[in-house]
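Novice: next come a sequence and a model predicted from it.
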Amino acid sequence: MKKIIHITALLVVAYLMNSFVLRSGIMKNALPDKTVEQRVDSLLALMTLEEKIGQMTLFTSDWEMTGPTLRATYKEDIRKGRVGAIFNAHTAAYTKELQRLAVEETRLGIPLLFGYDVIHGYKTIFPIPLGESASWDLTAIEQGARVAAIEAAASGLHWTFAPMVDIARDPRWGRISEGAGEDTYLGSAIAVARVKGFQGTGFDNTDAVLACAKHYAAYGAAQAGRDYHTVDISEQVMREVYLPPFKAAADAGVWTFMNAFNEWNGIPATAHDYLLKDILKWEWAFPGFVVTDYTSINEMVPHGYASDYKHAGELSVNAGVDMDMQGAVYYNHLADLVREGKVKESRIDDAVRRILRMKFMLGLFEDPYRFSNAEREKRLIMAPEHLAAARDMARKSLVLLRNEKQLLPLPKTMKTLAVIGPLADSKVDMLGNWSAAGDAKDCVTLLEGIRTKLQGSTQIIYEKGCNVDGTDRTGFAKALAAAKKAQVILVAVGEAGWMSGEAASRTDISLPGVQEDLVKALIATGKPVVVVLMNGRPLTIPWIADNAPAILETWFAGTQGGHAISDVLFGDYNPSGKLPVTFPRNVGQIPLFYNPKNTGRPMNPNDKYTSKYLDAPNTPQWPFGFGLSYTTFEYSDLKTDKKEFDRNETVTISVKVANTGQYDGEETAQLYVRDLVGSVTRPVRELKGFQKVFLKKGESKVIQFKLRADDLRFYNADLQFRAEPGDFDLWVGSHSDATLGTRIVLTR
Ligand code: BGC
């Protein structure tokens with residue numbers, strides 16, 4: 001009862017706040033100007049029910065399959081005015097051709113909206129999102145999304161199904177590669193950067209696309225890391241861990257949301273009234289539209305939530321889902337549902353209004369072809385400055401995991417270098433998954449990058465050694481022969497690009513096939529070996545972690561990947577990436593993340609009855625936030641300007657960071673906090689801030705973080721979002737196991 005009263009109070013306050021915000025136009029994505037609203041209304045008044053439902057229908061073209069079904073008749077549907085948006089169709093020429101059908105052959109000539117999964121680049125491919133996130137560089141990430149939007153918009157696209165803002169704490173889940181990793185604070189900051197990058201300054205200059213926060217919500221919490229699987233988490237975890245990046249995207253003005261495939265506590269997200277209506281559209285006053293994921297309305301039948309497609313359509317539209325992606329459920333059943341009184345026409349009008357608003361805002365009624373511009377397409381796609389940005393982003397995304405005896409960077413003056421491994425010269429894997437219109441032909445492989453860098457001065461011997469997968473070892477002999485001739489061995493191993501992404505969960509996340517054996521054989525030669533990892537998720541590689549002298553995590557680094565990796569290997573760029581996700585030692589530890597609860601029996605190696613395993617430590621292989629540099633950084637003089645503070649005050653935390661090594665370099669200083677006692681238990685630490693700081697060799701700087709009581713809020717047992725007075729430990733350092741700490745007290 002208490003809970004209901006609180007929720008009601010919360011909703012009333014939220015409503016009042018929202019109407020104020022909307023009226024005063026403070027919110028960034030508050031409704032477009034009055035004329036747009038008037039135009040939407042006058043158009044709506046002319047539309048038949050079928051035409052309205054057409055606007056709520058999204059079909060894929062036959063260019064690409066990104067889901068299980070295809071509808072061969074989509075052009076007919078466009079002509080009949082029964083589809084308002086198309087995805088998986090791109091290029092200026094093709095979008096123009098389809099747009100012409102909508103504009104010239106339908107009764108009202110309402111233009112189509114073109115959507116596509118432009119996730120980490122359109123044609124110039126950037127590192128996979130998890131890789132970009134390892135940069136912790138919000139400006140570069142925003143810039144990456146900007147480049148993607150500029151290229152996509154020139155190819156006729158209006159809308160990207162990105163950013164994916166799902167927090168993922170389970171590396172078995174293949175889609176961990178598409179997001180920002182395991183942390184809510186970092187994930188929220190990156191969500192904002194990506195939304196800003198895609199949507200730019202608006203749609204006056206056809207260089208921006210509508211962004212889409214997906215998959216709402218908690219898709220990343222799939223049980224056992226199996227894609228599409230059930231999600232069963234508390235509301236506190238939902239609100240504290242999984243929802244904040246969505247809220248941050250909404251606050252940053254994202255114009256669309258995509259619902260998730262999964263259920264949450266028994267209700268599929270596609271018909272989740274509470275998530276969609278109460279939280280998204282009411283509490284957050286989201287003025288854009290919600291699209292389903294691919295046939296997710298239909299999937300409520302096998303979920304066991306709807307008796308048939310018609311029932312599923314009724315549930316989803318009434319829960320606030322505005323557009324049906326590919327399911328044809330609205331197309332087939334919505335008119336009947338309205339006629340039967342099961343769906344109010346006012347709900348249809350609300351959905352259509354939200355969709356038409358976007359089309360007016362994009363200027364499509366003035367010029368339906370304004371995005372499909374062959375000249376711009378030719379000039380902008382893979383423009384030199386886009387390639388430069390992709391290379392820069394890729395360099396920033398690389399994480400140095402180990403570097404014994406300063407093996408890296410390698411000298412450019414070596415006589416012989418062996419480049420080995422199934423991923424050393426693979427173009428297609430460099431793209432990673434969801435690579436939009438990216439073309440493998442355009443990718444620079446590691447081998448090509450090294451050849452360009454060393455320009456004939458070093459003899460480079462390449463051998464593939466083995467495939468990514470399978471049991472074939474016949475290539476080992478040649479690889480070993482090459483290795484024996486070389487001063488240094490580089491070996492590129494990992495996953496194939498298709499092994500992460502959608503429907504790509506794995507139960508064993510070690511190196512597939514015989515790759516580890518190849519690495520072992522190379523290390524057994526006694527020569528220095530640098531392991532270059534390419535993968536879309538954390539891998540379990542304990543033997544390599546202990547035995548390879550140097551390990552560089554490169555994710556899937558995109559079109560310019562080979563150049564970027566060579567820049568780091570040969571010291572033209574000092575690596576600065578930090579893991580956005582924990583690397584476990586073995587799958588049995590999963591889920592393993594840096595911010596769990598302490599338990600009543602925290603791990604004590606000398607006490608059997610504490611929370612631990614018999615066969616592995618609790619600690620990860622590499623913790624969240626970890627990443628080495630060619631130089632070393634030291635933290636000291638951690639101070640706060642006050643020991644005690646109240647809810648109206650700000651604490652300033654300062655710390656000295658010194659570059660104590662032999663190279664100039666960039667460090668990402670991280671602030672973590674622990675609330676020692678709460679009315680509900682709190683995590684052992686939580687990221688509350690980070691700062692990138694560039695320091696010349698020998699240089700040091702004092703950096704500052706600000707902390708307010710509001711930053712310490714959490715959801716209590718009554719779902720109130722508040723900070724509670726008490727003691728807080730804080731630490732600043734180079735990763736989530738930072739030890740330099742102090743304590744502060746929130747007094748009231
Ligand atoms: C994926 C979405 C994607 C959509 C359209 C679905 O299968 O879950 O992330 O945007 O397909 O391609």
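Specialist: Great, that's in hand. Numbering: from 1, shown residues only.

Novice: can you get me a residue count around the residue nearest to Asp737 when sequence neighbours are not counted?
Specialist: In this structure, Asp737 finds its nearest non-sequential neighbour in Pro623, 5.0 Å apart by Cβ to Cβ, 6 or more residues apart in numbering. To be clear about C-beta, it is placed using only N, CA and C from the backbone, and glycine gets the same treatment. Residues near Pro623, counting by other Cβ atoms under 10 Å, number 19.

Novice: how near is the spatially most central residue of the chain to Glu463?
Specialist: Geometric centre of the chain, nearest residue: Gly179, 2.0 Å, by Cα atoms, centre = their mean. Distance, Gly179 to Glu463, using Cβ to Cβ, to the nearest Å: 35 Å.

Novice: likewise Phe161?
Specialist: Per Cβ to Cβ, Phe161 is found 40 Å from Glu463.

Novice: which one's more surrounded, these two?
Specialist: A direct count of neighbours by other Cβ under 10 Å for Phe161 and Glu463 places Phe161 higher, at 25 against 22.

Novice: check contacts around that one.
Specialist: Phe87, Gly115, Tyr116, Asp117, Val118, Ile119, Cys212, Lys214, Met258 (Cβ atoms under 8 Å, 6 or more residues apart in numbering).

Novice: repeat the analysis, applying 7 Å as the threshold.
Specialist: Gly115, Asp117, Cys212, Lys214, Met258 (Cβ atoms under 7 Å, 6 or more residues apart in numbering).

Novice: so among these, which ones count as buried?
Specialist: Buried members of the contacts of Phe161, scored by 16 or more other Cβ atoms under 10 Å, are Gly115, Asp117, Cys212, Lys214, Met258.

Novice: also near the ligand: which of these, exactly?
Specialist: Asp117, Lys214 (Cβ under 6 Å from any ligand atom).

Novice: nearest to Leu423, of the buried ones among the contacts of Phe161?
Specialist: Asp117 (23.5 Å; Cβ to Cβ).

Novice: hey, C-alpha coordinates of stretch 379-389 in CSV?
Specialist: Taking C-alpha atoms only, stretch 379-389 is exported to CSV below (Å, rounded to 0.1, in the frame of the first residue of the first chain):
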residue,chain,number,x,y,z
ARG,A,379,31.6,13.5,-51.6
LEU,A,380,31.0,12.5,-48.0
ILE,A,381,31.1,8.8,-47.9
MET,A,382,34.6,7.7,-46.7
ALA,A,383,35.8,11.3,-46.9
PRO,A,384,39.5,11.6,-45.8
GLU,A,385,38.4,13.3,-42.6
HIS,A,386,36.0,10.5,-41.8
LEU,A,387,38.8,7.9,-42.2
ALA,A,388,41.1,10.0,-40.0
ALA,A,389,38.4,10.1,-37.3
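
Novice: and the contacts of it?
Specialist: So stretch 379-389 is contacted by Lys123, Thr124, Gln143, Gly144, Val147, Ile150, Glu151, Ala154, Asp442, Thr559, Gln560 (Cβ under 7 Å, 6+ apart).

Novice: what lies in contact with the helix or strand that Ala153 is a member of?
Specialist: Using DSSP states H and E, Ala153 maps to helix 138-154. The contact list for helix 138-154, computed with Cβ under 7 Å, 6+ apart, reads 116, 118, 120-124, 126, 132, 135, 160, 189-190, 193-194, 196-198, 200, 206-209, 371, 373, 376-377, 380-381, 386, 389, 392-393, 396.

Novice: give me the subset of those lying in helices.
Specialist: Among the contacts of helix 138-154, DSSP state H puts 132, 189-190, 193-194, 196-198, 376-377, 380, 386, 389, 392-393, 396 in helices.

Novice: so how far is the ligand from Val488?
Specialist: 41 Å (Cβ to the nearest ligand atom, to the nearest Å).

Novice: how is this structure divided into domains?
Specialist: With domains defined by automatic domain parsing, the chain comprises 1-114+344-373, 393-589, 633-746.

Novice: and the lowest mean pLDDT element among the helices and strands of the protein?
Specialist: helix 2-24 (a mean of 40; mean pLDDT, DSSP states H and E).

Novice: who in the stretch 451-600 of the chain is up against the ligand?
Specialist: Glu502.

Novice: do the same with the chain
Specialist: Thr66, Gly67, Asp117, Phe161, Lys214, Asp293, Tyr294, Glu502.

Novice: most proximal residue of the stretch 551-700 of the chain with respect to the ligand?
Specialist: Nearest residue of the stretch 551-700 of the chain to the ligand (Cβ to the nearest ligand atom) works out as Phe556 at 17.3 Å.

Novice: list the contacts for that residue?
Specialist: Here Phe556 is in contact with Pro127, Ile128, Gly131, Asp429, Met430, Leu431, Gly432, Gly497, Met534, Gly536 (Cβ under 7 Å, 6+ apart).

Novice: name the nearest residue to Val165, sequence neighbours excluded.
Specialist: Val165's closest residue in space is Pro245 (Cβ to Cβ, 6+ apart), at 3.8 Å.

Novice: how close does that neighbour sit to the ligand?
Specialist: Pro245 is 15 Å from the ligand, by Cβ to the nearest ligand atom.

Novice: again, but for Val702
Specialist: Distance, Val702 to the ligand, by Cβ to the nearest ligand atom: 43 Å.

Novice: would you mark the buried spots in stretch 379-391?
Specialist: Buried, per 16+ other Cβ under 10 Å, within stretch 379-391: Leu380, Ile381, Met382, Ala383, His386, Leu387, Ala389, Ala390, Arg391.

Novice: for the helix or strand harbouring Leu533, packing partners?
Specialist: Following DSSP H and E, one finds Leu533 within strand 529-534. Contacts defined by 3 or more Cβ pairs under 7 Å, 6 or more residues apart in numbering; DSSP states H and E place strand 529-534 against strand 488-494, helix 515-524, strand 550-553.
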